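Visitor: next come a sequence and a model predicted from it.
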Amino acid sequence: MNTKWIIAAAVTTALATLSTPVLAAKTDSNLDAKTTEIMKRDFRDKGIAKAERVNQDELQATCSKYLDKLPAKLKLKLEAAQLKTIQWPADGNYMGDWKAGEKLAQSGKGMTWSDKADEPAGGNCYNCHQLSAREIAYGTIGPSLLHFAIKRGDGPDAQRHVYGHIYNAKAYQACANMPRFGQMNILTEAQIKDLVALLLDPESPVNK
Ligand code: HEC
C-alpha cells in the first residue's frame, strides 16, 4: 500500500464518520422535537432546580429558531422589549464595593438543586470573562473585561452600560450567551452595584 493510498483511505474514513451525524441532522425534521423530548425526560424537579428551566421563553425560542442570527428589525424589537425589563437603581447610584464584587465574580454558587432559595448566589463572571489580571483561571465565552474602565471610561454612561449588561445582557444583544442576572433574580441590585464597581472603580484589580 503506498502512502498516497493510505492517506486517501484515512481521509475517506474520517469524512464518512464526520458526515454521518450532519446528514442525519439535515434529514431529520423532528430533531428539535426529539431533543426537547429527551431534555424533558431527563430533567426533573430537585430542590430549587425545577425542570421548567428547560422550557425556553419567547426570546430564547426565537434565537434558537434563527440560530442566533435574527433579522435586523426583529433583533431591535426584541432588544427594546428586554431593555424595558431593567430596573435601574432607584437612588441613581450604580457603584458599590469592588471588593464584594470580586468575591461575587469568583463565586459560582447558586441555582443548583443543593442551594437554598434564600442564600445569595454568586455571579460566576470568571467562568466566561477575564477580569482581574491577578486571576489566571477564566473562561472565554464572553469578551475580556480586563482594564474595562481604562478602555471605556468610568463615568455615568459606562456605569449604566455595565449595570444594564449585568441586569439583562439581552437588552443589548438579543441572543447574548450571558445569563440575565437581574431579570432572572439571580443577583440583587446591591450585588450588581458591587460588580459595576469591580469593573469601573480605578482601585479595582480589573483596572490595575
Ligand atoms: C455564560 C457566560 C457568561 C457569564 C457567566 C457572564 N457573562 Fe458577561 N458576557 C458574556 C457574553 C457572551 C458577552 C457578550 C455579549 C454580546 O454582546 O454578544 C458578555 C458581555 C458582558 C459585558 C459587556 C461587555 C462590553 O464590551 O460592553 C459586561 C459588562 C459583562 N458581560 C459583565 C459580566 C459580569 C460582571 C458577569 C458576572 C456577573 C458576567 N458578565 C457573566 C458571557 C457571560
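Guide: Received the coordinates, thanks. Only a predicted model underlies this, so the values are computations on that prediction, with no experimental measurement involved. Numbers count the residues shown, from 1 in each chain.
Visitor: identify the residue nearest the residue most central in space within the chain in space, chain neighbours excluded?
Guide: The centroid of the chain falls nearest to Met178 when counting by C-alpha atoms, centre = their mean (1.8 Å). When the adjacent residues along the chain are set aside, Met178 lies closest to Ala169, with 3.9 Å between them (C-beta to C-beta, 6 or more residues apart in numbering). (C-beta placed from N, C-alpha, C; glycine too.)
Visitor: where in the protein is pLDDT low?
Guide: The chain contains residues with pLDDT under 70 at 1-29.
Visitor: got the domain ranges for it?
Guide: Per automatic domain parsing, the domain ranges recorded for the chain read 3-73, 98-207.
Visitor: select, out of those, the one closest to the ligand.
Guide: Taking C-beta to the nearest ligand atom, domain 98-207 is the member of the domains of the chain nearest to the ligand, at 2.8 Å.
Visitor: thinking again about what came up before, what's the residue nearest to Met178 sitting at in phi/psi?
Guide: When read as degrees, to the nearest 10, the backbone of Ala169 gives phi -60, psi -20.
Visitor: I'd say it and Gln183 touch.
Guide: No: contact criterion C-beta atoms under 8 Å: Ala169 and Gln183 do not qualify, at 9.6 Å.
Visitor: the more surrounded of the two?
Guide: Ala169 (21 against 16; other C-beta atoms under 10 Å).
Visitor: strands of this protein, start to end?
Guide: Assigned by DSSP state E, the strands in the chain number zero.
Visitor: so which bits of it are right by the ligand?
Guide: Neighbours of the ligand within the chain, by C-beta under 6 Å from any ligand atom: 105, 123-125, 127-129, 141-143, 145, 162, 165-166, 169, 173, 176-179, 181, 195.
Visitor: would you list the buried entries among those?
Guide: By neighbour count, with 16 or more other C-beta atoms under 10 Å, those hold 105, 123-125, 127-129, 142, 145, 162, 165-166, 169, 176, 178-179, 181, 195 as buried.
Visitor: quick one: which of those sit in helices?
Guide: Using DSSP state H, Ala105, Val162, His165, Ile166, Leu195 are the members of these that sit in helices.
Visitor: report the contact partners of the residue nearest to the centre of the chain.
Guide: Cys128, Gly142, His165, Ala169, Lys170 (C-beta atoms under 8 Å, 6 or more residues apart in numbering).
Visitor: re earlier: and the ones in helices among the buried ones among the residues of the chain next to the ligand, which two are furthest apart?
Guide: Ala105 and His165 (13.6 Å; C-beta to C-beta).
Visitor: ok, and the closest non-adjacent residue to Ala81?
Guide: Among residues not flanking Ala81 along the chain, Leu59 sits closest, at 7.9 Å (C-beta to C-beta, 6+ apart).
Visitor: same question but for Leu83, I mixed them up
Guide: In space, and not counting its chain neighbours, Leu83 is closest to Ala171: 4.0 Å by C-beta to C-beta, 6+ apart.
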